[in-house]
Every structure is written in structure tokens, then in C-alpha cells.
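A.B. asks: got a predicted structure here, sequence first:
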Amino acid sequence: MKVDFHVHQPARSREGTYPYSAADYIAFMDRHGIDISVMLTIDGFWYDAHACNDYLAEWCAPHADRLVAYCTVDPRKDDAAEEVERCVTRYGMRGVKFHNWLQGFSPLESFMAPVCERAAALGIPLFFHDGTPPYSSSLQIAHLAVRHPNLKIVLGHGGLHDLWPEAIAAGKRHRNVYLCMCATPPFAMEQIVGNVPLDQILFGTDGGLFHVPEQPFVDYRFREFEALDIPVKAKRQILGANALRLLGRA
Ligand SMILES: [Zn+2]
């Protein structure tokens, strides 16, 4: 089993077209042996989040077994928690993605509380961009795990280039914090696997950011992961069982 836990739906043109289709991306996944991709928006971080959730749901729907959609919301809006529930109950979305730096908010603002509580009640994780200031330091995000002990929180880059020691600290401190290693340097990935409980570790590639379905760095990042000096059993668990459990498929 090979799950890519961090992939973006390509941005739409003004005419509402996509640079490639979901079927094109599935064909790409097949060529590289990827079973499931967790699909996050790009457009939804700055355009109308509700509409972008609809677009993403429509894009993924014909391939629901292979493309698992996460919604996004503007957490400042009064109906943010309602929108999360709509996406889960209507579309079967499995999490909420925030790019707190692009969306311009601190995850510790009081307006996050209703979204956190609703997600915890629905049993879905909140997935955050992490590893780059502002608003996105790994421990800052992980503090939500203290406020909401029943909420699962995913650090979408495992601290990225600079803050992976923080991400490790967060994973060791909080059993409800998951580290998605994505664009995390190889040495940092080995340190994460050596220090954070294994069942809290995921892997993703940031696929979908390129303008054609063949995403050069997706294959590159999987090969980088396969080359890590960690047990094969750990690699299988990160790409398989851990991801499936968080997606509610195990
Ligand atoms: Zn991303």
C-alpha cells in the first residue's frame, strides 16, 4: 500500500477548467504505484472556500476510492464549522486543510475553537501547513492538541527545513499530533522516525503543484523516502497502515 498524504488539486482557470483531469492524475498514480492520494485545495486558500470545496469534491468523486478529499474553510467566518460538517456529511471529505500562512491567521486565535470542536466530534483531523513562519511553527500549531485532546492534528510538512526539531518535540509531547513528512530533508526524516512514535508518522509529496499530471518531484520524493536508512517495516507502516487508519479505512 502506498498512500501519498499531501497532494494538491491543480488550480482552476478563470473559465473553470483544470490543467489536467483527475483521470490524468490517476493514470500518473498508476504509473508510479501510488494507491491513494489525499487531495487538498490550492484555490480554496484565497478564493471562496465553499465553492472550492465543491470543485474539489466534484473532481475527486469519480475516483473516491483513490482520491480522498480534504476541505478548507476560512476559520474567521461564523459558518466555518457548519461548512466542515457539510463537506464531511455531503461529500465524505476526511479532514480539513489549513495553510495558515497563506490564509493569514494564527491557529491559536479563539475563532479556531468551533472548528476544532466540530472536527473532533466528526472524528476527522485538521491538517496544517507547518515549518515556515508566520503562523506556521510546528509547536504553535501543536498547542491545539493541548486545548483539544480529542482532536487529531497533522503537521503537513513535519517541520519542513528549519523546524523539524520542533515537529519532533510536538510528536513526542502529544499523541494526537501526526507528522506528515513532506519536503522534509532526508536526515530530518530519519530523525523523525527515530524519535516520534511510529504510528504518528505519515508521508506526502506536495504533488499536484506542477502544471501537468506527470509530477517530477512526486517520484523523486518517494525515491528519497525509499532510500532512508530506516527499517523497511517502518516504511511500509508509514505509507500504509498509518495513513489508512487516519483516513478511516483500517
Ligand atoms: Zn502543500
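C.D. replies: All right, it came through fine.
A.B. asks: tell me where the chain has strands.
C.D. replies: Ranges of strands in the chain, per DSSP state E, are 3-8, 36-40, 67-69, 96-98, 126-128, 153-155, 177-181, 201-203.
A.B. asks: would TSV of the ones you listed with mean pLDDT be doable?
C.D. replies: Putting the strands of the chain into TSV (pLDDT from 0 to 100) gives the following:
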stretch	mean pLDDT
strand 3-8	98
strand 36-40	98
strand 67-69	98
strand 96-98	98
strand 126-128	98
strand 153-155	98
strand 177-181	98
strand 201-203	98
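A.B. asks: need those in JSON lines (columns: mean neighbour count).
C.D. replies: For the C-beta atoms, the positions are set from N, CA and C on the backbone; glycine is no exception. Below are the strands of the chain laid out as JSON lines (neighbours: other CB atoms under 10 Å):
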{"stretch": "strand 3-8", "mean neighbour count": "26"}
{"stretch": "strand 36-40", "mean neighbour count": "27"}
{"stretch": "strand 67-69", "mean neighbour count": "23"}
{"stretch": "strand 96-98", "mean neighbour count": "28"}
{"stretch": "strand 126-128", "mean neighbour count": "26"}
{"stretch": "strand 153-155", "mean neighbour count": "28"}
{"stretch": "strand 177-181", "mean neighbour count": "29"}
{"stretch": "strand 201-203", "mean neighbour count": "24"}
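A.B. asks: let me have those in a markdown table, extended by distance to Gly171.
C.D. replies: Shown next, in a markdown table, are these (distance: least, CB to CB, whole Å):
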| stretch | distance to Gly171 |
| --- | --- |
| strand 3-8 | 15 |
| strand 36-40 | 19 |
| strand 67-69 | 22 |
| strand 96-98 | 18 |
| strand 126-128 | 14 |
| strand 153-155 | 8 |
| strand 177-181 | 5 |
| strand 201-203 | 8 |
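A.B. asks: out of those, which comes closest to Trp164?
C.D. replies: strand 177-181 (8.5 Å; CB to CB).
A.B. asks: other residues contacting that closest one?
C.D. replies: The contact list for strand 177-181 (CB atoms under 8 Å, 6 or more residues apart in numbering) reads 5-6, 125, 127, 142, 145, 152-159, 167-168, 170-171, 188-189, 192, 196, 200-204, 225, 238, 242, 246.
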